[in-house]
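> Here's a sequence, model it:
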Amino acid sequence: MAGLIKREDIDEVRQRTDIKEVVDGYVTLKGAGLGSYKGLCPFHDERSPSFTVRPQVGRYHCFGCGEDGDVISFVQKLDHISFHEAVEKLAHRIGFELHYEDGGSGPNREDIGRRQRLLDAHKVADEFFRAQLLTPGAAEGRNFLYGRGFDRAAAEQFGVGYAPQGWDSLLKHLRGRGYTDAELKLTGMFSEGGRGIYDRFRGRLIWPIRDIAGDTIGFGARKLYEDDQGPKYLNTPETALYKKSQVLYGIDLAKRNIAKDRQLVVVEGYTDVMACHLAGIPTAVATCGTAFGTEHIKIARRLLSDDGSGGEVIFTFDGDAAGQKAALRAFEEDQRFVAQTFVAVEPNGADPCELRQSKGDSAVRDLIGSRRPLFEFAIRATLKRHNLDTVEGRIAALRESAPVVAQIRDAGIRPAYARELAGWLGMPVEEVSRAVGAATKRAAQAASAPPGGGGQTQSHGQGGGQGYAGSGRGYAGTAPGVAPLPPSAVLPSFNRPDPRDPVAAMERQALEVALQEPGMLEGETWQRFSEARFSTPAYLAIHEAIRATGLGFSGDPVRWVEQLLQEVPEPLRPLVSELSVVPLPANTPEGVLRYCKDILARLFELQITRVKAEKMGQLQRLDASADPEEFQRLNRELMQLEMQRRSLRSDA
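Modelled structure (predicted):
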């Protein structure tokens, strides 16, 4: 079919792309043993990292939700694009020219994926706006920037541009680049009237809004002229690319520093992000016309590796009523973080941009350095709503603030803030502590109550060979040192291998070695491995697939695993993916070699033990006097088997 990418090119893109480099653009990965990396899963919300990447075999697997795949499926899922578009994106990334079944060099303009066309249009518009900032007509825009302490270098660093005052400057430019009006309507950069479409942004300073990968997906525009009847700030509306609840301005520039410094600073505007970065706070981002919500938290937690080992989120808000309201709204989301959350409010109400203008870079750094815990701010903000000079006011304040103290996650800090609250209220510590304790108890009861219709449970204990049961997202039946198996919906036709069964555990480890280090199976070792008898049904099916595939991997683990995934029954493919990425318990190449040899030796020794048991049974059933030759043959074979067993132990 015309337009289909050739299979060999897909394999080449998969093989030549470093999956770790790609995943690093979305998730903060840390080393987890030799050749393995772990991070918080981008596919589900979790507190402990269970998302594992194994570059050597080109695959990822989440041991929390079961998501798995190769670099193509990762980009496809995270960017919400088709397989075709994901391959083209990765090919472009490594500079590889794709070939298509129709013999052409690629699809024509009409065949290009809609998302990529939208991204390309935004890129062209981004370049157009930046170029316009240097024209005479953009003097007002440059004056705005200079007046806030931003020079030309700062504008270039953040890609600031200018939209001309005309009605169709950008429209003409994009039409000239081959974009149709139907395509341009989808970008959000144009409005539509009785005479057709026209520029949405006119006579405004422009900030490009980019996703975490650095692609421009929308724009923010600031009013410059008094006769502009529009709002002060005008953003791109919701489009296929731009979802404001999932976008953080500056995330493309800040992501590396957020991961490195374990810090995220949330400010309110584009100029505040610029001021922070230029002042030495390169971890600053801003929401785009919406509150900092659940989807933003997911992005932040992935970058922070929010797993309980430190990290901080700092919110900066104006000191006015709206700023306080925003801070309290952020406090409501605080429980979603493991990282400590703080708030930094300038006493006179200045934002970071204004602070940098009036007092310099050091004042911005001092503002962030003066952060205080978000729950302290929330408590004090609650108290301000009451007249503490009256008994009634103090009682009402206690009733409202006790639940705030009860929300503090750290049980060691909670009593200290109960005492602080008693001092602020001028009430006995015991009375305030009782109120906080009661609020804590109520919160715990509410949290433990099952949702309507019953909730799903997760089991993390050891499980027997009872098959796959339950429908929770977690994996049941795990044991120390044994990687968990996929959830019930993944392998409905195979019983769960009992992790306490030493034979099942050993067979699993042997398959992990075979999948991750196929070079260990060459020569006589392959013959022994292919002749080994697996007793666990799921592992037996994978072993049979390995035998059927043979040694066609040509020393390439990526293609080896891909071949096996096509060979095994479909329900077992997630298990194959899992076995291919679970970290092997060794930290050096020499250690991996020793471990692999030891595991294979144990597998082969088990096979010898099984064969010996069969031979011994035959020998015991045999009448030696009736068939002395058979008796001698069995004894010789038993002796040879024992010598092989001892040799294996010696080599291991």
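
> Give me the distance between Pro589 and Glu101.
Applying C-beta to C-beta, to the nearest Å, the value for Pro589 to Glu101 is 41 Å. Just so you know, the C-beta spots here come from the backbone N, C-alpha and C atoms, and that holds for glycine as well.

> Okay, helices next: where are they in the stretch 201-350 of the chain?
Secondary structure of the stretch 201-350 of the chain (DSSP state H, counting those that start in this stretch): helices located at 251-261, 270-278, 294-304, 321-332.

> so which of those comes closest to Arg356?
Taking C-beta to C-beta as the criterion, helix 270-278 is the member of the helices of the stretch 201-350 of the chain that comes nearest to Arg356, at 4.3 Å.

> Who are the packing partners of that closest one?
helix 152-157, strand 263-267, strand 284-287, helix 352-359, helix 361-369 (3 or more C-beta pairs under 8 Å, 6 or more residues apart in numbering; DSSP states H and E).

> in its sheet, what does the next helix or strand after the first one sit against?
Along the chain past helix 152-157, the next helix or strand (assigned with DSSP states H and E) turns out to be strand 161-163. Strand 161-163 has the following strand partners under DSSP bridges: strand 204-210 (antiparallel).

> what residues does the strand it pairs with touch?
By C-beta atoms under 8 Å, 6 or more residues apart in numbering, the list of residues contacting strand 204-210 from outside reads 122, 126, 129, 141, 144-145, 158-163, 216-224, 228, 234-236, 242, 247, 249, 251-252, 270, 288.

> Please tell me how far it is from the chain's geometric centre.
Counting by C-alpha atoms, centre = their mean, to the nearest Å, strand 204-210 is centred 27 Å from the centre of its parent chain.

> just to revisit the earlier point, out of the helices of the stretch 201-350 of the chain, which one sits most buried?
Comparing the helices of the stretch 201-350 of the chain on average neighbours per residue, with mean count of other C-beta atoms under 10 Å, the densest one is helix 270-278 at a mean of 26.

> between it and helix 251-261, how many degrees?
Orientation note: helix 270-278 sits at an angle of 40 degrees relative to helix 251-261 (axes from the mean of the first three to the mean of the last three C-alpha atoms, to 10 degrees).

> Asn30 contacts Leu40, correct?
Heads up, residue 30 is Lys, not Asn. No - between Lys30 and Leu40 there is no contact, the gap being 10.2 Å when judged by C-beta atoms under 8 Å.

> Count the neighbours of Ile546 for me.
If you count neighbours by other C-beta atoms under 10 Å, Ile546 ends up with 24.

> for Gly523, same thing?
Burial measure for Gly523: 8 neighbouring residues, criterion other C-beta under 10 Å.

> At which residues are the strands of the stretch 301-450 of the chain located?
Under the criterion DSSP state E, counting those that start in this stretch, strands of the stretch 301-450 of the chain are mapped to 312-316, 340-344, 372-373.

> want to try JSON lines for the ones you listed, with mean pLDDT as columns?
JSON lines is the format used below for the strands of the stretch 301-450 of the chain (pLDDT from 0 to 100):
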{"stretch": "strand 312-316", "mean pLDDT": "90"}
{"stretch": "strand 340-344", "mean pLDDT": "86"}
{"stretch": "strand 372-373", "mean pLDDT": "86"}
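
> from those, which stretch is densest packed?
For the strands of the stretch 301-450 of the chain, the largest average neighbour count (mean count of other C-beta under 10 Å) is found in strand 312-316, namely a mean of 25.

> who does that strand pair up with?
Strand 312-316 has the following strand partners under DSSP bridges: strand 263-267 (parallel), strand 340-344 (parallel).

> What about Ser191, how many residues nearby?
When neighbours are counted by other C-beta under 10 Å, Ser191 registers 14.

> Check for me that it belongs to a strand.
Yes - with DSSP: H, G, I helix; E, B strand; the rest coil as the criterion, Ser191 is assigned to a strand.

> which non-adjacent residue is nearest it?
Ranked by C-beta to C-beta, 6 or more residues apart in numbering and with sequence neighbours excluded, the top spatial neighbour of Ser191 is Arg200, at 4.9 Å.

> model confidence over whatever helix or strand Glu8 lives in, on average?
In this structure, Glu8 is located in helix 7-16 according to DSSP H and E. The predicted model assigns helix 7-16 a mean pLDDT of 90.

> Which neighbouring elements make contact with that helix?
Contact analysis of helix 7-16 by 3+ C-beta pairs under 8 Å, 6+ apart lists helix 71-78, helix 83-94, helix 557-567 as its packing neighbours.

> Need the overlap of contacts for Lys30 and Leu40.
In terms of C-beta under 8 Å, 6+ apart, Lys30 and Leu40 are both contacted by the residues Pro49, Ser305.

> okay, those two: which has more neighbours?
Neighbours per residue, other C-beta under 10 Å: of Lys30 and Leu40, the larger number sits with Leu40, 26 against 13.

> before we move on, back to that, would you convert the strands paired with strand 312-316 into a markdown table that also reports distance to Val429?
Conversion of the strands paired with strand 312-316 to a markdown table gives the following (distance: least, C-beta to C-beta, whole Å):
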| stretch | distance to Val429 |
| --- | --- |
| strand 263-267 | 34 |
| strand 340-344 | 25 |
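
> what's the closest of the ones you listed to Arg356?
Each of the strands paired with strand 312-316 has some distance to Arg356 by C-beta to C-beta; the shortest is strand 263-267, at 11.5 Å.

> Cool, thanks, talk later.
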